[in-house]
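Undergrad: Using only what follows, build the 3D model:
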Amino acid sequence: MRILLTGGTGFVGSALNEALKSQGHETVLLTRHDVPAPGAALATQWLDGIDVVVNMAGESIAGGRWTAAYKQKIRDSRISLTRALAEACSAAAANGQPTPKVLVSFSAVGYYGTHPTQSFDEQSPAGDSWLCGVARDWEAAAARVGEAGVRLVVLRLGVVLGPGGFLARLATPFRLFVGGPAGAGTQPISWIHRDDVVAVVGRTLTDAAMKGPYNLTAPQPATMNEMASAIGDALQRPSWLRTPALPLRLLFGEMADELILNGQRVLPTRLQAAGYSFRHPELRAAVRSAFIEK
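TA: Numbers count the residues shown, from 1 in each chain. Sure thing, here's the model as predicted:
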């Protein structure tokens with residue numbers, strides 16, 4: 001297949017790109033910077049000969065303090081490119097031109113909002129925070145491909161574990177013997193190994209029964225205490241030095257509560273119902289493999 005891959009140079013996208021090419025697919029990489037202006041229609045040539053679109057481009061939500069300008073950048077980087085993809089598919093269909101068979105569009109578990117104890121599955125409604133609104137509108141932009149008869153799969157991504165990324169950021173204080181949980185430590189983290197992200201995307205390309213939203217999370221969410229303990233064990237470092245909530249709020253502002261101090265238990269109900277077998281279902285083994293993986 002010829003696959004248009006947006007965000008193919010990021011932490012997840014680069015691994016997905018290599019996996020797809022190793023399976024004999026041809027990938028065409030597109031970043032959000034290739035779109036001429038926010039909201040501009042994607043040039044028709046980007047879809048020429050494309051069988052599948054995998055859309056995962058977006059500014060990192062943890063890449064900076066959530067100022068008004070950075071929040072707008074996060075929002076535009078997701079919604080503008082996704083809307084352009086959908087408009088390009090609709091334009092092609094209206095002109096009698098071939099369209100991609102599938103759009104696999106990423107979203108995030110931030111769709112549901114945070115809660116210390118409640119579990120969320122794909123039937124749960126969207127929350128009401130700013131981050132929930134971004135995810136909701138991101139998905140709405142992708143849903144417009146239905147007008148062109150394109151099968152849509154939405155993958156609501158949790159915290160991705162692998163060599164680099166989230167774990168690399170957390171590992172530094174542990175390596176310096178000052179690692180430990182953030183905040184209360186009881187807040188849930190809905191995580192998934194990068195290998196499983198790649199495998200699920202691969203399945204969506206050929207499984208015509210996969211439609212609509214899927215939570216891309218491991219079957220057993222962890223607490224922040226459990227995550228810290230798993231990292232400490234993998235690095236053979238202590239994991240008891242807790243970071244209080246107040247300095248995190250002072251340092252990160254609104255982002256601290258949404259991404260660090262609060263939590264959410266998001267379950268992969270539809271993936272499990274579809275018979276997907278996770279490669280890394282257990283936290284400690286997943287963390288250990290991430291640190292030794294080259």
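Undergrad: what are the ranges of the strands in the protein?
TA: Secondary structure of the chain by DSSP state E: the strands cover 2-6, 26-30, 52-55, 102-108, 119-120, 151-157, 159-161, 188-189, 191-193, 212-216, 222-223, 265-266.
Undergrad: Would you check how far apart the closest residue to D137 other than its chain neighbours and A140 are?
TA: Distances taken as Cβ to Cβ, 6 or more residues apart in numbering place I79 nearest to D137, at 5.6 Å, with adjacent residues excluded. The way it works is simple: take the backbone N, C-alpha and C, and place the C-beta from them, glycine included. Distance of I79 to A140, given as Cβ to Cβ, to the nearest Å: 8 Å.
Undergrad: which of those two has more neighbours?
TA: Set I79 next to A140 and count neighbours by other Cβ atoms under 10 Å: I79 wins out with 20 against 13.
Undergrad: contacting residues around the residue nearest to D137?
TA: The contact partners of I79, by Cβ atoms under 8 Å, 6 or more residues apart in numbering, come to V134, D137, W138, A141.
Undergrad: Just list the residues touching the third one, thanks.
TA: Think W138. Under the criterion of Cβ under 8 Å, 6+ apart, the contact list for W138 reads G58, R78, I79, T82, S105, S107.
Undergrad: Make CSV from these and add distance to H115 and pLDDT to it.
TA: Shown next, in CSV, are these (distance: Cβ to Cβ, whole Å; pLDDT from 0 to 100):
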residue, distance to H115, pLDDT
G58, 24, 88
R78, 23, 92
I79, 25, 92
T82, 27, 91
S105, 25, 97
S107, 18, 97
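Undergrad: Would you tell me which one of those comes nearest to S14?
TA: The closest of the contacts of W138 to S14 turns out to be G58 (Cβ to Cβ; 14.7 Å).
Undergrad: Next, count neighbours for the residue lying closest to that closest one once chain neighbours are set aside.
TA: Closest residue in space to G58, ignoring its immediate chain neighbours: R78 at 4.3 Å, by Cβ to Cβ, 6+ apart. Residues lying near R78 (other Cβ under 10 Å) number 29.
Undergrad: From the centroid of the protein, which residue is nearest?
TA: Centroid-nearest residue in the chain, with Cα atoms, centre = their mean: L157, separated by 3.4 Å.
Undergrad: before we move on, back to that, okay if I get the contacts of I79 as CSV plus distance to H115?
TA: Shown next, in CSV, are those (distance: Cβ to Cβ, whole Å):
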residue, distance to H115
V134, 18
D137, 21
W138, 21
A141, 26
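Undergrad: Now go through those residues and say which are in helices.
TA: The helices, defined by DSSP state H, take in V134, D137, W138, A141 from the contacts of I79.
Undergrad: if I look at the second one, how far off is T9?
TA: This means D137. The gap separating D137 from T9 is 24 Å, by Cβ to Cβ.
Undergrad: And the third one, by the same measure?
TA: Using Cβ to Cβ, W138 is found at 19 Å from T9.
Undergrad: Sounds good, over and out.
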